[in-house]
Structures are given as structure tokens and as C-alpha cells.
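Q: Take a look and give me a structure for this.
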Amino acid sequence: MKRILFEESPFSKFFFSDTRSSPFWLIVRLYVGYQWVLAGWEKIHDPMWTGSGAGTALSGFLHGALMKAGGAHPDVQGWYAAFLQNAVISHPAAWSVVISYGEFLVGLGLIVGLFTGIAAFFGLFMNMNYLLAGTVSVNPILFVLSIGLMLGWKVSGYLGLDRFVLPFFGTPWHAGALLSELRGNKGKLIIVRHNESEWNKENKWTGKVNVGLSDEGFKQSRAMGELIKGIPIDKAFISAQFRSMETLMCMEDGTCLDIPTERSAALNERDYGDYTGRNKSEVEQELGHDKAFLLRRGWNEPVPNGETLKMVYERVVPFYLGSILPLIREGKTVLVVSHGNALRALMKYIENISDEDIANLEMLFGVICIYQLDWNGHSVWKEMRSLEMKTGKM
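A: Now for the predicted structure:
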């Protein structure tokens, strides 16, 4: 069967994968966690649950549940009543302790944001059992909220200990810092700017317009394949614009590589708004050198109906942290072929460049940067390779 991947909706991306939703999940976590901590704490200090009379309270609850299993429309289903009779009611003291401390630990995990998805799962499991036993109370609400916390496990504990613990331990499908260190994983990031486009050649602001490479751009791109020869590349990411795709294809041709590739609009070039298609020299004459320089290179210089570099940063870096960095943490080498400003935004994060100093950074044509990164995706080592060809201006 052919494999088809459907794009995730903006709604689910925001609530289940975007850290900007973490304040919402923090509120949910604290509410659900408080309910469990309170319930568990009361049981732990009740002798009928965990003290000298451990199991007494649970036995009463279970017998009440079994009484609801009769009649034409029972509140407790027969199969669940059989489970209670055969697996639980014969060991009330042990189950009583498990439930009491389980409720407390689930609540504590949710409040501090530690293994939030796992804590939410066990909380949901207990809610389900209470509902199956015929007890409604607040259980339906906690059940629904716990489903949300589970689905949003990547971000629901971000404002908590998960922000630090998950990257260290990792997941079954992404090795964490601990396992990566034990394995000796040394993944790398390689970034490449697309080569000269037709509008670069004409000194026009290109931005979001889908302009292809010039003849010189194709020539440069084929030659750039030599710069990555001998580097085993596991995956490539490119923008949704033609010139980045053409650059990668030429680099692959030059090295006989066939790299698994993913396209994303998050890596697209900055939108130059009203200046798109304008000649840069003419705009500089209109605005003056200093104003034109800030327009092109500044951090948060407004562009009529366009994007600032800060706005580009706000889409590039989350994509890097969510889609690219996890692969590098696993020890994979990733190639990113994008655009001048998208790469400047990415390099600002990787190299910890200040808002003021970013104006001095230019990503040239014919150059690749190879990074060794720390766990947070910042540079610990950098190598630059160049064709020593004509450079382009952004």
C-alpha cells in the first residue's frame, strides 16, 4: 500500500506541538494535578486506606460498585464487575495502597510537569476505572483534560521539568542526551544558501517570489557538491521555493547522492513586501545607505506589508527545534538548503548572535557551514567551506 502522510492542521500543531500553547497546558496541569494530589493526600492520611485498616474503605467502594451491576440497565457492566470480584476485591489492602499513592504521584507529576504524558495516562486510567465502577463526580472532566495532556505531551510539560528531563532521557523514537552520549552520537548540521537566482543576478529583492536559479547559479550549485563529498548526509530540508530545490538537486548531481528530503515553507525566504521586485540600488538611492542597510540586515526593521528578520526567526527556529534538531540529537547529519535571511535567522540562534550584531552577518553564495551542536542546538564547533566564487548580496 502506498504511504500517504497528511499535513497536520494548524489547530493541532499549535496545541500539541507548539510551545506557545504551554501556558494553557500549565493551567490544565495545575488543575488536574491539584485534584489528584488532594485525593491521594486524603487517602494516604486515612487509616481506612493506608493505615491499620487499609483496604476497608476500598472494600466498601467495591461492594457498592458490585451492587450497581444488576438490573436491565446496570451502571457497572458485567465484565467489569467480574474483574473487580476476581482481581481486586480479594486483595483490598494492596490495591488501596497502590491507589492512594498512585493518585498522589500522578498529581505531583502533573503539577511539576515531570513525564507529563505518562502521568496523564495513569490519571486517565484511574478516571476510566472510577467511571466503569459507576462513580461520576469530576471524573469525566479529568478524563477529557487528561486526553489533552497526553496528546500534547511534547509541550504540556514545557513549563515544567519536562523541558529539561525529556531532552536528557529522550523518547523510544528519539535518543536523549544520555543515550546519545553512551552511543557516542556526533550528528552535524550543514547549512547552504541557494546559489544565484535570476533576480539576484538583476540585483532585485526576491523574497517570496518563486524565481529559479540563473545559469551561474546552476553552475555554482553543481560545484558545491564537492564541498559535501565524503559527508554521509542522512536527511535534507529545503524551503518550498524553487531555487533551494534546484540548488540541492544540482549538489546531489555533483556527488551522485540521493538524499531523503523534506520541504517546508518555514524555511522560505523573508517576505520583502512592497520592496519585492525592486532594484536594491534604486531603493538605496531613495532611502539612503543607512536606512537601506537596516532594511536589509536589521533585526526588527519594519518592511511595508512584509516581514522583519525577527518574524522570520519566529518561524524558522521553532521548525529547527522541532524537526531538525531531534535528528541531530540522534547522531544524524542534516543538510539545510535555504535562503539568506532564513539562514541568518537560524544562525542567530545557533551562534547566540545578539540583536545588534546580526546586522553584520551575511550568508554568502558558494559557502557551506558545518556545525557540531550541543543538546540545545547551539554551536560548539563550526567549519566553513567555500568555492571562492563570486558572492551574492542579500
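Q: Please report how far the residue sitting nearest the centre point of the chain lies from Glu330.
A: For the chain, the residue nearest the mean C-alpha position is Gly322 (2.8 Å; Cα atoms, centre = their mean). Applying Cβ to Cβ, to the nearest Å, the value for Gly322 to Glu330 is 14 Å. (C-beta placed from N, C-alpha, C; glycine too.)
Q: how's this protein carved up into domains?
A: 11-170, 174-386 (automatic domain parsing).
Q: quick one: buried residues of stretch 32-46?
A: Across stretch 32-46, burial judged by 16 or more other Cβ atoms under 10 Å covers Val32, Gly33, Gln35, Trp36, Val37, Ala39, Gly40, Lys43, Asp46.
Q: ugh, wrong one, I meant stretch 288-299
A: Ala292, Leu295, Arg296, Arg297, Gly298, Trp299.
Q: okay, now Gly60: neighbour count?
A: Neighbours of Gly60 under the rule other Cβ atoms under 10 Å: 12.
Q: what residues does the strand or helix carrying it touch?
A: For Gly60, the element it lies in under DSSP states H and E is helix 56-67. Helix 56-67 is touched from outside by 43, 46, 48-49, 76, 81, 84-85, 88-89, 92, 95-96, 99, 133-135, with contacts defined as Cβ atoms under 8 Å, 6 or more residues apart in numbering.
Q: about what we covered before: and which of the buried residues of stretch 32-46 is nearest Tyr371?
A: Comparing the buried residues of stretch 32-46 against Tyr371 with Cβ to Cβ places Gly33 closest, at 38.7 Å.
Q: For Leu325, give its distance to Thr255.
A: For Leu325 relative to Thr255 (Cβ to Cβ), the value is 25 Å.
Q: Neighbour count: the two, which is higher?
A: Leu325 (22 against 19).
Q: Make sure that one is indeed in a helix.
A: Yes - counting by DSSP: H, G, I helix; E, B strand; the rest coil, Leu325 is part of a helix.
Q: what about the closest residue to the residue nearest to the centre of the chain other than its chain neighbours, how many neighbours?
A: In this structure, Gly322 finds its nearest non-sequential neighbour in Ser17, 6.4 Å apart by Cβ to Cβ, 6 or more residues apart in numbering. Look at Ser17: counted by other Cβ under 10 Å, it has 16 neighbours.
Q: longest single helix anywhere in this structure?
A: helix 22-44 (DSSP state H).
Q: Other residues contacting that one?
A: By Cβ under 8 Å, 6+ apart, helix 22-44 touches 15, 49-50, 57, 96, 99-111, 113, 116, 119-120, 123, 138, 142, 145-146, 148-149, 152, 155-160.
Q: Weed out the non-buried ones from those.
A: 15, 49-50, 57, 96, 99-100, 102-111, 113, 116, 119-120, 123, 142, 145-146, 148-149, 152, 155-160.
Q: one step back: which phi and psi does the residue nearest to the centre of the chain have?
A: The phi/psi pair for Gly322 (degrees, to the nearest 10) reads phi -90, psi -30.
Q: for Arg243, same thing?
A: Dihedral pair for Arg243: phi -70, psi -30, per degrees, to the nearest 10.
Q: Excluding chain neighbours, give the residue nearest to it in space.
A: His194 (4.3 Å).
Q: got it, and Val317?
A: Val317's closest residue in space is Tyr349 (Cβ to Cβ, 6+ apart), at 4.9 Å.
Q: How many neighbouring residues does the one you found have?
A: With other Cβ under 10 Å as criterion, Tyr349 counts 17.
Q: Can you tell me what sits against the host helix or strand of it?
A: Assessed by DSSP H and E, Tyr349 sits inside helix 340-350. By Cβ under 8 Å, 6+ apart, the surrounding residues in contact with helix 340-350 are 189, 191, 193, 239, 267-270, 309, 312-313, 316-317, 320, 336, 338, 353, 358, 361-363, 369, 371, 373, 377-379, 392, 394.
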